[in-house]
Each structure stands twice: as C-alpha cells, then as structure tokens.
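Chemist: Okay, here's the prediction I keep looking at, along with the sequence it came from:
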Amino acid sequence: MLKFKKKYLLKIRLCLFACFFIHSSIFVFSQCDGRYENEIFTTTSKTTLTYSDVYIDGEHEMDVYVPDGDTYTNRPLIVFCHGGSFMNGDKEDSDCVDFCESFAKRGYVTASVNFRQVANDFISQGIFIANQQEQYRQVMKAVADVKASIRYFRKDYANGNTFGIDENAIFVGGASAGAVVALHLGFIDDVSDLPTSPFNIQDVVNDLGGLEGDAGNNGYSSTINGVISIAGGINDVNWINASDEPLVSVHGDADDVVSFNCAPGLGFPTVVTLCGAGEMHPQADQVNLTNDVLVYPGEAHTWFPGGSSNAKFVQALDFIADFLFPLLPCNNISVFEINGNSSKLNRVVDMLGRPSKIKENTPLYFIYENGIVEKKMILNY
C-alpha cells in the first residue's frame, strides 16, 4: 500500500534575477509502492514472441519477462540486448536471462531481444572483421531491429497493453555488443550525425530504411527514456548531448574487447573505434546529461558473462536499479506550495552537480522543466 509522509522543508529559490526567497512547503512523495529497487517477487514468467511484422525468423524474437502475481498494469520496461560481437550470442545467454529475471522480480517488465547478426560462416565473419563499412551496417541493422521491438510494445500498449507497461518509462540496455546497440540507438539522433568518410555510412543507413529501419511496426514511436551500458562503447562520444536520455554504465577499466577509453573494437585494428565508459561519462558531464558509472578497477571483459553467479554482476544490477529508480514516473513529486511552481521535475543533483536520489537532511538542487532551479533540504521530524 502506498504510504505518504508529511515532510517539512526549507527551500531557497534561485531566481533569474539573483533574488532569494525562503519558503516553507509540504511535499508528498510517491515511493513507487516499494517497487523497482529490490527484488520483491519470487518468480517470473517468460513469453517468447516475434516482435517484427516484417521478418518471421529467430533473429526477430524476444523473451518477455513479467513478475508472477503482479497486479500492476503501468510498469517500466527494459529492453535488453545480448553480446557476442555481432557474430554470436542469443537472448538466452546467462547474463541476459539473469538481468531480465532480476529486474522483473523488482517489478519491471523486461525483454531479452535477438537481432540480426553476421551469417555464421567463416567468409561472412572474416569480411565483417575486415570491413568497417560492414561493421557499421551490422550495428545499424541491430539498432533497427531493437527499435522495432520498442515499437512493438507501444503498438501493443495502444491495443490493450498485454504486458502492462508504462509507455513513458522505456529503457534500452545491453552487454558488450548489446550495449553498443543500445548506445547507438540512444545517442544517434539523425542520419546526418553519421560519417561520410572514409565510408558514407549515411547511405548505408538510408538503404536500411533510415534510423527507424526496416523491421516494421511502423507508425509507433521508438523513443526511450534511458540507456544502460554494461561493458559497451560508442563510436563517437560527441553524439552524446544535453538533450539525450540519461546514461548509466558499468565497465572494467582493463577491458581489451570494448575499451574503457577509446580503441578499435575486439582489439583488432580493422574494427571501428569504440569509446567506453571512461570517455562517455566525461562527455555526459560536460553537456550536463544525467549519468552515473560504476568502474571495476583491473577488470577486463570477463566479469559479466556468468550472470548472477558473479558477485560483480549482482552489484552492477543493484547499481543500475538505483540509477533508474529516481527516473521512474512513479517518483514524480506532487508539490503543494506557496510559490505555485507546478512545473514537472526534470532531475535532482547534489551540491557537486551529480545525479542524486531524493534524500532527507541533505542539500539538493531540484531542476524543473521550465528552467527553474531550487535548492532544498528536506527535514523529516
């Protein structure tokens, strides 16, 4: 049952005119009914389906996980993508299953998604490793597929909402190659962002149907509300800008498959450069994008494939859950106050500008969509 507490606070409004006003207000917090932070359900159920209305094959299947016995019908969704260097991997890999089951037990709906990969033969995979144009093509085909899976859920939402999702709380993530997919999906905003030299990648993407791709469910949005990267990287950190979605990453700083900094993928000089958490998060900080990163010192690319059998993987799941929790619509604050500021809360940061949960007895900055910034300290007594 949702519980409300009265909390009294001192609030200093930071005005555009450098004026300071002290107000007293009463806030009512929605705590998401105790959901989404910890595993509160014991078991989950899985449904396997084809998400494309164009392709009928195993490459366009996903496993959807929901918590058993849950009566909620307005739940956040995470679409999760497997690793495997775009040549291997599957939605049933242990880290994918464990990620999806853990977040479903927290109250989310989760989906482990397959996408098109390089053909499983020596010649096709050799061409892929040697040819950067083909590498881009493969990444953007995967992005197109995952966007179609997001549109599938929005189409389902408009036609009965079978899985009980909140279409305003959709996150995309993945591990290794799956994180590469999620990052490029989240941060490439326009075909014009893509390079034209030494290969014209814009033409490659246009041949695939543009950024929305060719995998169907047309007419529905593929927008997301946040990106989750486990040992992933992006080709160009400058694609990350202030208008983008929040980013959370977990990465080992000795990773030689997807570099923590910037280096060719897989450690092969013929593969496009990928820039990991060590470069993405300084860029996110520079543009004031909400973000956080968990770094494992000395860890390579081997800490996560074992899934929940690895303590670091379990720690990563908790870290990601803590980051996502303040972003959820059920944590929007209803405010009853003298000054009449009814704008929607955008984000909360601490005194150093870092994203923060709402905490008692701690000075925080509340940033609203109308541009107003408020410094508040919530006193609970």
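Modeler: Looks like it arrived, so ask away. Numbering: from 1, shown residues only.
Chemist: What ranges does the stretch 251-381 of the chain have for its strands?
Modeler: Assigned by DSSP state E, counting those that start in this stretch, the strands in the stretch 251-381 of the chain fall at 262-264, 273-275, 291-296, 334-336, 345-349, 364-368, 373-379.
Chemist: and those strands, which one is worst for confidence?
Modeler: Among those, strand 334-336 has the lowest mean pLDDT, at a mean of 42.
Chemist: Nearest to Ser229 among the strands of the stretch 251-381 of the chain would be which one?
Modeler: strand 291-296 (8.9 Å; Cβ to Cβ). The way it works is simple: take the backbone N, C-alpha and C, and place the C-beta from them, glycine included.
Chemist: how many other residues sit next to the residue nearest to Val295 when sequence neighbours are not counted?
Modeler: Residue nearest to Val295 in three dimensions, not counting chain neighbours: Asp253, with 5.6 Å by Cβ to Cβ, 6 or more residues apart in numbering. Asp253 is flanked by 16 other residues according to other Cβ atoms under 10 Å.
Chemist: mind putting the strands of the stretch 251-381 of the chain in TSV, distance to Gln125 included?
Modeler: Output for the strands of the stretch 251-381 of the chain, formatted as TSV (distance: least, Cβ to Cβ, whole Å):
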stretch	distance to Gln125
strand 262-264	17
strand 273-275	18
strand 291-296	29
strand 334-336	54
strand 345-349	43
strand 364-368	47
strand 373-379	51
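Chemist: among these, which is the most enclosed?
Modeler: strand 273-275 (a mean of 21; mean count of other Cβ atoms under 10 Å).
Chemist: Give me the contacts around that strand.
Modeler: 180, 232-237, 258-259, 261-265 (Cβ atoms under 8 Å, 6 or more residues apart in numbering).
Chemist: how about the strands of the stretch 251-381 of the chain, which one is nearest Asp203?
Modeler: strand 273-275 (20.5 Å).
Chemist: quick revisit: thought the residue nearest to Val295 was touching Tyr296?
Modeler: Yes: applying Cβ atoms under 8 Å, one finds Asp253 in contact with Tyr296, separated by 7.0 Å.
Chemist: Identify each of the strands in the stretch 51-200 of the chain and give its residue range.
Modeler: According to DSSP E, counting those that start in this stretch, the strands that the stretch 51-200 of the chain contains are 61-67, 75-81, 109-113, 165-175.
Chemist: Quick one: those as JSON lines, columns for mean pLDDT and mean neighbour count too.
Modeler: Below are the strands of the stretch 51-200 of the chain laid out as JSON lines (pLDDT from 0 to 100; neighbours: other Cβ atoms under 10 Å):
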{"stretch": "strand 61-67", "mean pLDDT": "98", "mean neighbour count": "24"}
{"stretch": "strand 75-81", "mean pLDDT": "98", "mean neighbour count": "28"}
{"stretch": "strand 109-113", "mean pLDDT": "98", "mean neighbour count": "29"}
{"stretch": "strand 165-175", "mean pLDDT": "97", "mean neighbour count": "24"}
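Chemist: distance of Phe325 from Cys275?
Modeler: 27 Å (Cβ to Cβ, to the nearest Å).
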